[in-house]
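Peer 1: sequence first, predicted coordinates after that:
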Amino acid sequence: MLTLYGDALWESPYVCSVFVALREKALAFQTVELDLDRGEQREPRFAERTITAKVPAIEHGGFWLTESLAILEYLEERFPPPEHAPILPTAVEDRARARQLLGWLRFGTNHLRAERPTSSIFFAPVRTPLSARARADADALIAFAERLLRDGATSVFSGWTICDTELALALQRLLVNGDDVPARLRAYAEANWARPSMREYVEHERPTRG
């Protein structure tokens, strides 16, 4: 049995990515919620086992791992296709492009993420206009997505990968807060937002945010 440790508010984009990956691979797993505001991730037992004291974390047969990119790679290699559905592309070039996209989404749009946090997707939208720096991040995100996606495509590569979950969530930062997004990117984001694994995460019952 796999265990996924996540945030009690169910708003982390990285926990979301691992949750969707587990569902797409049809793996049995249980979830453990940690209250990050209360510092439960820093409790000695969890911190010692995870090394970084962060979520998402997984535990599998006594092996503990944090950092969502590392977890996604582990799941793909430990539970590979064709026995399990792929979550990453198989071609070397496409796998490299996937790593590029996933890395850039984590570190290339910091101003946008600060002004359009994931909480605005799952709790209350933000109506404050974007600053110049956040608008530049948004423009970069849109340009990146338009370069990667063919017209009418619902996936970056030939079929769905976890990149589509993460890119769709990034675009939702703009969509749910009323920011402009080209129609074809809106259609792409909405198609991936409707995926059953994603809907399960989006519709999970959440506590009232303080």
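Peer 2: Received it, and whenever you're ready, just let me know what you need.
Peer 1: where does this structure have low pLDDT?
Peer 2: Where the chain drops to pLDDT under 70, the residues are 210.
Peer 1: in it, which spans are strands?
Peer 2: Assigned strands in the chain, in chain order: 2-7, 29-34, 57-60, 63-66 (criterion: DSSP state E).
Peer 1: and those strands as a markdown table, adding distance to residue 121 and mean neighbour count?
Peer 2: From N, CA and C alone the C-beta is placed, and that goes for glycine too. A markdown table is the format used below for those (distance: least, C-beta to C-beta, whole Å; neighbours: other C-beta atoms under 10 Å):
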| stretch | distance to residue 121 | mean neighbour count |
| --- | --- | --- |
| strand 2-7 | 14 | 20 |
| strand 29-34 | 18 | 15 |
| strand 57-60 | 22 | 22 |
| strand 63-66 | 23 | 16 |
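Peer 1: in TSV, list these along with distance to residue 82.
Peer 2: Below are these laid out as TSV (distance: least, C-beta to C-beta, whole Å):
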stretch	distance to residue 82
strand 2-7	20
strand 29-34	21
strand 57-60	21
strand 63-66	24
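Peer 1: between those, which one is nearest to residue 182?
Peer 2: In terms of C-beta to C-beta, the element of the strands of the chain nearest to residue 182 is strand 2-7, at 31.2 Å.
Peer 1: the closest one packs against which elements?
Peer 2: helix 13-24, strand 29-34, strand 57-60 (3 or more C-beta pairs under 8 Å, 6 or more residues apart in numbering; DSSP states H and E).
Peer 1: what's the closest of the ones you listed to residue 141?
Peer 2: Per C-beta to C-beta, nearest to residue 141 of the helices and strands packed on strand 2-7: helix 13-24, 13.3 Å.
Peer 1: returning to that earlier point: kindly reformat the helices and strands packed on strand 2-7 as TSV containing distance to residue 187.
Peer 2: Output for these, formatted as TSV (distance: least, C-beta to C-beta, whole Å):
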stretch	distance to residue 187
helix 13-24	20
strand 29-34	31
strand 57-60	33
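Peer 1: closest to residue 96 out of the ones you listed?
Peer 2: Residue 96 lies closest to helix 13-24 among the helices and strands packed on strand 2-7, at 18.5 Å (C-beta to C-beta).
Peer 1: so how far is that closest one from its chain's centroid?
Peer 2: Counting by C-alpha atoms, centre = their mean, to the nearest Å, helix 13-24 is centred 7 Å from the centre of its parent chain.
Peer 1: equivalent analysis for stretch 196-205, please.
Peer 2: 12 Å.
Peer 1: which residues touch it?
Peer 2: 10, 16, 19, 20, 23, 24, 122, 165, 168, 192, 193 (C-beta atoms under 8 Å, 6 or more residues apart in numbering).
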